[in-house]
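S.K.: Fold the following, please.
(chains A and B)
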Amino acid sequence: MMPHMTGVVDVSAWCGRWPFDLNGETSLEMLADRLAQAGVREALVSPLDAVLAPDPMPANRALVAASSVAERLSIRVHVVPVIDPVLATWRDDLAEMVESAHCRAVRLLPTWHGWGPEHPDAREVLRSIAQAGCVPILQARMLDERALPPSAAQASFDVSAVAAWLESVSDVRVILAGLYQSELAAVVELEHVAVDLSFVESGDTLANALGVFPPERILPGTHAPVFEPLAGVSKLPVSGPDRERAIWIARESARIWFDLPATGASS
Amino acid sequence: MIIDCHTHFPAGDSVYREEDVERCLALANRAGIDHLVYLFNTADGAYDPPPDVVVRNNDLGIELATRHPDRFSAFCYLNPAHDVAFLEREMQRCLIDGPCVGIKLWIAVKATDARLDPIMLKAAELGVPVLHHAWYKATEYVFNESTPAEIAHLARRHPETTIIMAHLAGGGERGVLDVRDCPNVLVDTSGAQPVAGLVRYAVDQLGPDRVIFGSDWPIRDFGVQRARVESADLPDAVKARILGGTMQRVLERARR
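M.R.: Prediction:
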């Protein structure tokens, strides 16, 4: 096994069923074990079933129930429910999840749920999540669009349009998950926006991301189990000139953005 | 020994510079990669490169393989659309008179095109592999880009030539199945995102000696791409073959 970072707080993990996943269903226990092996100590986890289901709430509730055995898991897990603002019930859904999951973040999937910055509730949903004490995570993509099966064809993620939308809600801190390296520059001026590394990759991933984006707005993300978790962790080098910043990003940046309790404290 | 069978080089003008090599090797060392196969220079590569660009790209490869034979091998980059006399001269210069140990074909001409035939025959004669780009794309398809099915067509036309089909994650499961019945095709793991389970799937379909590690650096990250192999649910001995054992045999045969 190659040397890799440890103590990572992963802001982009998933569990459940994903029809394109060769490994089949991933339970929360399986996910936790795989992440722990890859050096992750703590993860923000969303339900994969909520991406394709017409109503994300059954998957959200199932994840909340699964997380009730948190003390038996090999890492600390924070449930991140998925909310779909296209549904008339999204306000009730959000309230239920804030109440039952004690969540620190809520994930939104505009491209997979067929909405975008032009949606009438687009700004309200971000503000409502923030007012509930959570951080919205906007998921740019689930897969490389080039590899999407014909049955999953969808509108591409327009980072410029999203940047304009987020600029209009500068009072809400937002995480953009799943951006490519080439998209980082479009949101760098938005100081209330952080990005994860789950889809960012280049010849020297972290150094090149840091060339565009400040370290305090970069978060670790593996996109496991869709992607191999060790691959995501490997974007944070354990040697070389960026080592110290990599350690800080791995262990501290998510703690600040999501106000996570220190290691050892109860979640 | 860990061998990355699919790397490029980021020298804008294709001029050899020691500082570029040092930067590249520092990153390879960080990921524990011992040996790199240079294919062509991504910073100097048009989709349909003219002869002078091909020569310049190959000059850089010859420099890398000559100055650092322990760290670099080089493949001879060719555009099959060029005049046969030029192709033969370039293969003579790089493969017979020079240190190159394979041929790289990208997207200038589809793999089904008869203009590849003299190149494939020469590769078989010399015992060198041909690494060919392949991808199934729902978006961003580039004209003349070959699919894995077209690589299978090429492999059946030239069963005596070893073909390395690039980009496992680009071709996906469909691509693996396309070449399953072509024993002269190896698949490299380079490119796209580190989709879970795909390396194991490829080994299940093709066997442990037809999947080899590639990164596509500097488009991709050495460490991330190595991790997709390290993470595969496979015995350590199989991973060792993927990460270098099989490619070492391919390179040794090419050097004979």
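S.K.: show me what contacts A:Ala209?
M.R.: The neighbours of A:Ala209, taking CB atoms under 8 Å, 6 or more residues apart in numbering or on different chains as the test, are A:181, A:184, A:197, A:200, A:202, A:218. Where C-beta positions appear, they are placed from N, C-alpha and C, glycine not excepted.
S.K.: Now do the longest helix seen in chain B: which elements does it pack against?
M.R.: The residue-count maximum for a helix in chain B (DSSP state H) belongs to helix B:51-67. If you count contacts as 3 or more CB pairs under 8 Å, 6 or more residues apart in numbering or on different chains; DSSP states H and E, helix B:51-67 packs onto strand B:35-38, strand B:72-74, strand B:76-77, helix B:84-91.
S.K.: My guess is B:Thr94 contacts B:Gly61. True?
M.R.: For the record, residue B:94 is Cys, not Thr. Yes - taking contacts as CB atoms under 8 Å, B:Cys94 lies within contact range of B:Gly61: 7.5 Å.
S.K.: Identify the contacts common to those two.
M.R.: Common neighbours of B:Cys94 and B:Gly61 (CB under 8 Å, 6+ apart) are B:74, B:76, B:100.
S.K.: Return the closest of the residues you listed with respect to B:Pro194.
M.R.: B:Ala74 (26.7 Å; CB to CB).
S.K.: coming back round to it: average pLDDT across the longest helix of chain B?
M.R.: Averaging pLDDT along helix B:51-67 gives 96.
S.K.: Tell me the residues of the stretch 151-256 of chain B that contact chain A?
M.R.: Contacts of the stretch 151-256 of chain B with chain A, taken as CB under 8 Å from any CB of the partner chain, map to B:169-170, B:172-173, B:192-198, B:200-201, B:217-228, B:230-233.
S.K.: Strands of the stretch 151-256 of chain B, start to end?
M.R.: Assigned by DSSP state E, counting those that start in this stretch, the strands in the stretch 151-256 of chain B fall at B:163-165, B:185-188, B:211-212.
S.K.: which residues touch the first one?
M.R.: Residues from elsewhere that reach strand B:163-165 (CB under 8 Å, 6+ apart): B:5-6, B:102, B:129-132, B:134, B:148, B:151, B:154-155, B:171, B:175, B:179, B:182, B:184-188, B:212, B:250.
S.K.: winner for burial among the helices and strands packed on helix B:51-67?
M.R.: strand B:76-77 (a mean of 29; mean count of other CB atoms under 10 Å in any protein chain shown).
S.K.: Ramachandran angles for A:Ser168?
M.R.: phi -80, psi -10 (degrees, to the nearest 10).
S.K.: Ok, B:Asp216 next?
M.R.: Here B:Asp216 shows phi and psi, under degrees, to the nearest 10, equal to phi 70, psi 30.
S.K.: I figured it hits B:Ser190, correct?
M.R.: Yes - look at B:Asp216 against B:Ser190 with CB under 8 Å: they come within range, at 3.9 Å.
S.K.: so what's in contact with the two at the same time?
M.R.: In contact with both B:Asp216 and B:Ser190: B:6, B:166-167, B:225, using CB under 8 Å, 6+ apart.
S.K.: Just send those back as TSV, with distance to A:Leu176 and pLDDT too.
M.R.: Converted to TSV, the shared contacts of B:Asp216 and B:Ser190 look like this (distance: CB to CB, whole Å; pLDDT from 0 to 100):
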residue	distance to A:Leu176	pLDDT
B:His6	30	98
B:Ala166	30	98
B:His167	27	97
B:Gln225	24	98
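S.K.: Pick the one among the residues you listed closest to A:Ala105.
M.R.: Nearest to A:Ala105 among these, with distances taken as CB to CB, is B:Gln225, at 29.4 Å.
S.K.: Excluding sequence neighbours, find me the nearest residue to the closest one.
M.R.: B:Ser215 (3.9 Å; CB to CB, 6 or more residues apart in numbering or on different chains).
S.K.: give the contact list for that neighbour.
M.R.: Applying CB under 8 Å, 6+ apart, the residues near B:Ser215 are B:4, B:6-7, B:33, B:190, B:221-222, B:225-226.
S.K.: what's the neighbour count on the residue in the stretch 101-250 of chain A that chain B sits nearest to?
M.R.: Across the stretch 101-250 of chain A, the shortest distance to chain B (CB to the nearest CB) belongs to A:Gly203, at 2.8 Å. By other CB atoms under 10 Å in any protein chain shown, 22 other residues sit near A:Gly203.
S.K.: try B:Asp34
M.R.: 15.
S.K.: cool, and the one 5 residues further on?
M.R.: By other CB under 10 Å, the residues close to B:Leu39 number 30.
S.K.: Verify the contact between A:Gln181 and A:Val200 for me.
M.R.: Yes - taking CB under 8 Å as the definition, A:Gln181 is a contact partner of A:Val200 at 5.0 Å.
S.K.: Of those two, which one has the most company?
M.R.: More neighbours surround A:Val200 than the other of A:Gln181 and A:Val200, with 26 against 18 (other CB under 10 Å).
S.K.: coming back round to it: now intersect the contacts of strand B:163-165 with the helices, please.
M.R.: Per DSSP H, the subset of the contacts of strand B:163-165 in helices is B:148, B:151, B:154-155, B:171, B:175, B:179, B:250.
S.K.: distance of A:Ile218 from A:Glu124?
M.R.: 28 Å (CB to CB, to the nearest Å).
S.K.: who has more neighbours, the two?
M.R.: Taking other CB under 10 Å, A:Ile218 and A:Glu124 do not tie; A:Ile218 has more neighbours (26 against 15).
S.K.: Enumerate every residue touching that one.
M.R.: By CB under 8 Å, 6+ apart, the contact set of A:Ile218 is A:194-197, A:206, A:209-210, A:249, A:253.
S.K.: Most neighbours out of the residues you listed, which is it?
M.R.: A:Leu197 leads the contacts of A:Ile218 on contacts (other CB under 10 Å) with 30 neighbours.
S.K.: which residues are contacting the one helix or strand in chain A whose mean pLDDT sits lowest?
M.R.: Using mean pLDDT, DSSP states H and E, helix A:110-113 stands out as the lowest-scoring helix or strand of chain A, at a mean of 94. With contact meaning CB under 8 Å, 6+ apart, helix A:110-113 is reached by A:51-52, A:84-86, A:116-117, A:119, A:138-142, A:154-157, A:162.
S.K.: Tell me the first helix or strand C-terminal of that helix.
M.R.: Sequence order places helix A:122-131 as the next helix or strand after helix A:110-113, per DSSP states H and E.
S.K.: starting at the chain centroid, how far to that following helix?
M.R.: 17 Å (CA atoms, centre = their mean, to the nearest Å).
S.K.: quick one: strands adjacent to the helix or strand following it?
M.R.: Reading on from helix A:122-131 to the C-terminus, the next helix or strand found by DSSP H and E is strand A:135-139. Note on strand A:135-139: by DSSP bridges, its sheet partners are strand A:105-108 (parallel), strand A:174-177 (parallel).
S.K.: of all those strands, which lies closest to B:Leu87?
M.R.: It's strand A:174-177; of the strands paired with strand A:135-139, that one is closest to B:Leu87 (CB to CB) at 46.7 Å.
S.K.: need the contact list for residue 180.
M.R.: I went with chain A, as the question did not name one. A:199-201.
S.K.: my bad, the chain I had in mind was chain B
M.R.: Contacts of B:Arg180 (CB under 8 Å, 6+ apart): B:205-206.
S.K.: Residues of chain A that sit close to chain B?
M.R.: A:1-4, A:21-23, A:38, A:143-150, A:153, A:156, A:199, A:201-205, A:223-235, A:237, A:239-240.
S.K.: Now do the same contact list for the closest residue to A:Asp204 other than its chain neighbours.
M.R.: Among residues not flanking A:Asp204 along the chain, B:Leu27 sits closest, at 5.8 Å (CB to CB, 6+ apart). Going by CB under 8 Å, 6+ apart, B:Leu27 touches A:203-204, B:217, B:222.
S.K.: leaving aside the residues next to it on the chain, what's closest to residue 196?
M.R.: I'll assume chain A. Closest to A:Asp196 by CB to CB, 6+ apart is A:Gly221, at 3.3 Å.
S.K.: Let me rephrase: I mean chain B.
M.R.: In space, B:Ala196 is closest to A:Glu228, 5.0 Å off (CB to CB, 6+ apart).
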